[in-house]
Structure formats: structure tokens, C-alpha cells
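Trainee: Generate coordinates for the sequence data below:
(one chain, ligands or ions: 1)
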Amino acid sequence: MPGKNRDSLEPVRWKSGVLEAIDQTRLPGRLVYVRMRTVDQVCSAIRSMKVRGAPLIGVAGGYGLVLAALKIRDGDLSQARSQLRKSADSLISTRPTGVNLRWAVERVFKASFQVDSVASLGDELRREADAILREELEAAHNIGRFGAGLIEDGDTVLTHCNAGALATAGYGTALAVVRSAVEDGKNVSVIATETRPLLQGSRLTAFELSRDRIPVRVICDNAAAQLMAQGVVDKVIVGADRILGTGHVTNKIGTLPIALAAKFHSVPFYVAAPVSTLDLVTDPSRVVIEERDQREVLLIGGRRFSPQNVGALNPAFDITPPELVTGIVTDRGVVSQPLAENIRAMFG
Ligand code: MRU
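Mentor: Reported below is the predicted structural model:
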């Protein structure tokens, strides 16, 4: 139930006309909030990954449009909507791969057609953004409930990147499954890949699980296959940034090699995501893979570890084909194989 853990992390909140979100670039050292008063500040927080994780970016993007609406004081409604359209497009372009951002921003933009005056735009858009926040938090808890049944007492679960409270409105997706199983009384321990280059696994997943006293150990990304070969991993559960109607799963770079290793070693590979992560229209060949700054790869803690004349490639996401996925845990239930057929039956 949303709000169940009284001391749980609140990754994003709206406070007196200001959007506040945990600055994830400062974790685990400092738990501080970035305060955003303009849509440009929201765009920049998302681009710099102070605010990250597909569902959380969606929630923040929705509120970003509210901030834009609150700044519009005069002109007629159609002028206001075209200004809002520009803000919506700027927000959507900050991170092109995940689908939740576009979904949430378009939903909030659509609310601008429900008003008959510029003066009421801010309130109306705010209502929609609040609804998205509420629904996404509830979805996270439902993912947990549906997924907990897949976890057995004593399981060691490997996860990649951060698909936890910090990546969502709260509670998480992959980590919601773990949390819910633990709340059911099961002993579960987690192996978190460090997730190069930005270390969401060692910085964020390890932070939030240790805060909840759920046993967690960090591994180098390239240790996953060996640990599966040793029989140490019972299940893999990851999040997703975009799940296609075909069952292809776009997630943090490094997910695909984990899925390949899991298939080879017969370790079940689950994906956990809210329905807002589904994209039933895009073809796998047309998914845009965000390419981020080379410096994220070449520099570690501001220090360069490669020769000065060497460049880098930095794709932020990869695509795991459906045949490597055991099942998808959504807030409406678990989709099992054959994925495309069952996605169509459940959501088409
Ligand atoms: O680049 P990031 O840190 O925003 O990427 C996050 C991921 O890939 C997560 O696994 C994904 O958003 C799932 S969120 C619950």
C-alpha cells in the first residue's frame, strides 16, 4: 500500500509551487534535494541525471510542465498551449529512450484542453501530475505484490542498475519485488551490479537496500556470468525503460549480457515495470538509444584513466530480445511467454 513504509525514500515531491527531487548524483554521500522552479531546471536535472530512472523521470517531467504552465500569466489559451507544447517537447527530448517521460508529459499536456481560462491552467495540470505520482506509486506496490510470488525463501536475486524507489515515485520496480518478498517474511539477498559508467548499482541500489536492511553485495558488471556459473544467482530481476509489444526490453546498458548469461546458465530472467513503460507501437529497430557524453566513460571521479587521444562510445541502453526474458512483472500481473501474444492479450 502506498506510504506503507513510513521512513521510505521520497524521491520526488511538490512543495508550495516548487518541484523537489533527491539529487541522485550526490548519493550515497549526501541525501539532498534539488529544488526546481522552472521547466528549464527540470530539463537540466533530468539531463544531468540528478533525476533519473524511467518512471521517476516521467513523474518529474509531468511536474515540469506544471511549472511551465504556472509561468504563463497572459495571452489566450491557444497561445498558452503552443508555449506549453514547446516546453513539453523540450522535456521529452532530454532523455529519448525511456517511454514514461513522453507518456507522462503528453498526459499532462492533454489536461490543458480541459480548462477554459489561462488562469486555471496551473491547477488543472497540477491535478494531472499529482494523479500520475499517486498512480505510479500504487503501481510500484502492485508490481511488488505480483512479483513477490516468484521469489522463494532464501533466493539470491541479481539486479542491474537501479530499479528501486529512487528510479520511481517510490518503492521501485525490480526492487519492489524484492521488498515485497521480504515483507512477506522471505529471506532474500541481492547482488547489485555496479553499473558502469555512472554506478547506479553501487551508489543507489546498494544505498537504498542497505537503508532497508536488505542484504546486498556489489559486483563488477563483468562478474555476473561467473557468479551464475557458480550457482550463486537464483533469479535476475531488472527494470525497464521501454517494453515493446514484441516483448523486446530496453534497459540500462549491460542488461543484454546479463540476460544472455542467464539464458546460458538457466537462471530465470524477469523484468519488472509499470504499464506506463509499455510501448505497443514502436518497432525494435526504431528505438532511439541515448548516446551520452564520452567523458562519463573516460573519466572516473574527474580523473582520466585513458590516454588523452582516445575517445569512447557511451550508449546508455541496450535491447534484450523476448526469447531471453522469462516473464515481465507489471502492476496488472505477470506476463509470461510467449510475450508478444500475452502482451497483446493483456494490454492490446
Ligand atoms: O540511465 P538511468 O539511470 O535513468 O537508467 C535507469 C534504468 O535503466 C533502470 O533500470 C530503469 O529506468 C528502470 S526504472 C525502475
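Trainee: Pull up the residues of the stretch 1-150 of the chain that are close to the ligand.
Mentor: When proximity is defined by C-beta under 6 Å from any ligand atom, the stretch 1-150 of the chain lies next to the ligand at 52-55. For the C-beta atoms, the positions are set from N, CA and C on the backbone; glycine is no exception.
Trainee: Tell me the most packed of these, by neighbour count.
Mentor: P55 (32 neighbours; other C-beta atoms under 10 Å).
Trainee: Return the residues in contact with the closest residue to the ligand within the stretch 101-250 of the chain.
Mentor: Residue nearest to the ligand within the stretch 101-250 of the chain (C-beta to the nearest ligand atom): G239, separated by 2.6 Å. Under the criterion of C-beta atoms under 8 Å, 6 or more residues apart in numbering, the contact partners of G239 comprise 53-54, 161-163, 167, 172-174, 251-252, 271-273.
Trainee: In helices only, show me the residues of the stretch 1-150 of the chain next to the ligand.
Mentor: Helix and strand membership here follows DSSP state H; of these, those in helices are 54-55.
Trainee: Look up phi and psi at the nearest residue to E291 once chain neighbours are set aside.
Mentor: Leaving out its chain neighbours, the residue that sits closest to E291 by C-beta to C-beta, 6 or more residues apart in numbering is P315, at 5.7 Å. Taking degrees, to the nearest 10, you get phi -70, psi 130 for the backbone angles of P315.
Trainee: ok, so what distance separates P315 from H160?
Mentor: 15 Å (C-beta to C-beta, to the nearest Å).
Trainee: what about those two, which has more around it?
Mentor: Regarding P315 and H160, a neighbour count based on other C-beta under 10 Å identifies H160 as having more, with 28 against 11.
Trainee: can you give me the strands for the stretch 51-200 of the chain?
Mentor: Remark: strands of the stretch 51-200 of the chain, listed N- to C-terminal, are 156-159, 189-193; assignment by DSSP state E, counting those that start in this stretch.
Trainee: So for the closest residue to D212 other than its chain neighbours, what's the pLDDT?
Mentor: Taking C-beta to C-beta, 6+ apart as the measure, D212 lies nearest to R179, with 6.9 Å between them; neighbours along the chain are not counted. Among the per-residue scores, R179 holds a pLDDT of 98.
Trainee: hang on, R179 packs against I214?
Mentor: Yes - in this structure R179 lies within contact range of I214 using C-beta atoms under 8 Å: 7.3 Å.
Trainee: neighbour-wise, which of the two wins?
Mentor: The residue with the greater number of neighbours, taking R179 and I214 and applying other C-beta under 10 Å, is R179; the counts read 27 against 18.
Trainee: all helices of this protein, in order?
Mentor: Assigned helices in the chain, in chain order: 39-47, 54-70, 77-94, 100-110, 121-148, 174-183, 200, 206-211, 224-229, 255-264, 295-298, 339-347 (criterion: DSSP H).
Trainee: Need the CA coordinates for the first one. CSV is fine.
Mentor: Going back to what we said before, that points to helix 39-47. Presented in CSV, the C-alpha positions along helix 39-47 are these (Å, rounded to 0.1, in the frame of the first residue of the first chain):
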residue,chain,number,x,y,z
VAL,A,39,10.9,23.8,-16.7
ASP,A,40,14.5,24.5,-17.8
GLN,A,41,15.7,23.5,-14.4
VAL,A,42,13.7,20.2,-14.7
CYS,A,43,15.2,19.6,-18.1
SER,A,44,18.7,20.1,-16.8
ALA,A,45,18.1,17.9,-13.7
ILE,A,46,16.9,15.1,-16.0
ARG,A,47,19.7,15.5,-18.5
